[in-house]
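Novice: here's a sequence, model it:
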Amino acid sequence: MKKLKRSPKRKRKTTNGQWPSADFAEFVREAVEEASDLGPAAQAHVLANCRLQADYPGEYVAFIDTFTGVGKNARFRRKVVAHALTLGDLHDLLLELPTKQRSKVFIDYVDDPDGPVEFIDVPGRV
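Specialist: Numbers count the residues shown, from 1 in each chain. Prediction:
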């Protein structure tokens with residue numbers, strides 16, 4: 001299998017176990033706690049979404065999510081395969097993936113929690 005060439009190396013915004021701020025850490029704790037009745041896979045999914053926001057703010061991220069098992073035995077794993085500042089750069093990186101693996105990729109833009117707030121006009125809303 002051809003190994004994906006990653007975007008230029010950069011330092012992670014956070015290290016394992018650390019979050020950008022105490023407020024963000026509290027938000028993560030509450031979000032994971034609220035998912036506790038849904039099982040460990042749901043908690044891991046919430047935590048992975050928070051980790052994206054901490055590690056890749058203001059970037060496009062491509063990842064593959066894998067769920068295994070059923071019910072309380074379900075497990076979740078996320079593998080980030082590429083990230084870039086522009087969608088075009090991300091697509092160029094993804095072209096290097098095998099087609100079968102590329103079909104499993106999710107792409108998401110991660111908002112910068114410290115960035116400016118943007119208001120979105122919702123059609124039909126007064």
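
Novice: just give me the neighbour total for Val61.
Specialist: Neighbour count for Val61, taken as other Cβ atoms under 10 Å: 20. All C-beta spots, glycine's among them, are computed from the backbone N, C-alpha and C.

Novice: residue contacts, it?
Specialist: Listed by Cβ atoms under 8 Å, 6 or more residues apart in numbering, the contact partners of Val61 are Leu52, Val80, Ala82, His83, Leu90, Ile107, Asp108, Tyr109, Val110.

Novice: report the buried residues of the helix or strand it falls within.
Specialist: Under the criterion DSSP states H and E, the helix or strand holding Val61 is strand 59-68. Residues Glu59, Tyr60, Val61, Ala62, Phe63, Ile64 are the ones in strand 59-68 that count as buried (16 or more other Cβ atoms under 10 Å).

Novice: what's opposite the fifth one in the beta bridge?
Specialist: In this entry, Phe63 is beta-bridged to Val80, Phe106, by DSSP bridges.

Novice: pretty sure it sits against Leu90.
Specialist: No - proximity of Phe63 to Leu90 does not meet the contact threshold set by Cβ atoms under 8 Å, at 11.1 Å.

Novice: and the residue nearest the centre of the chain, what element?
Specialist: Among the residues of the chain, the smallest C-alpha distance to the mean C-alpha position (Cα atoms, centre = their mean) belongs to Leu52, namely 3.6 Å. Following DSSP H and E, the helix or strand that holds Leu52 is helix 40-55.

Novice: which neighbouring elements make contact with that helix?
Specialist: Helices and strands in packing contact with helix 40-55 are listed as helix 22-34, strand 59-68, strand 75-84, strand 106-110; criterion 3 or more Cβ pairs under 8 Å, 6 or more residues apart in numbering; DSSP states H and E.
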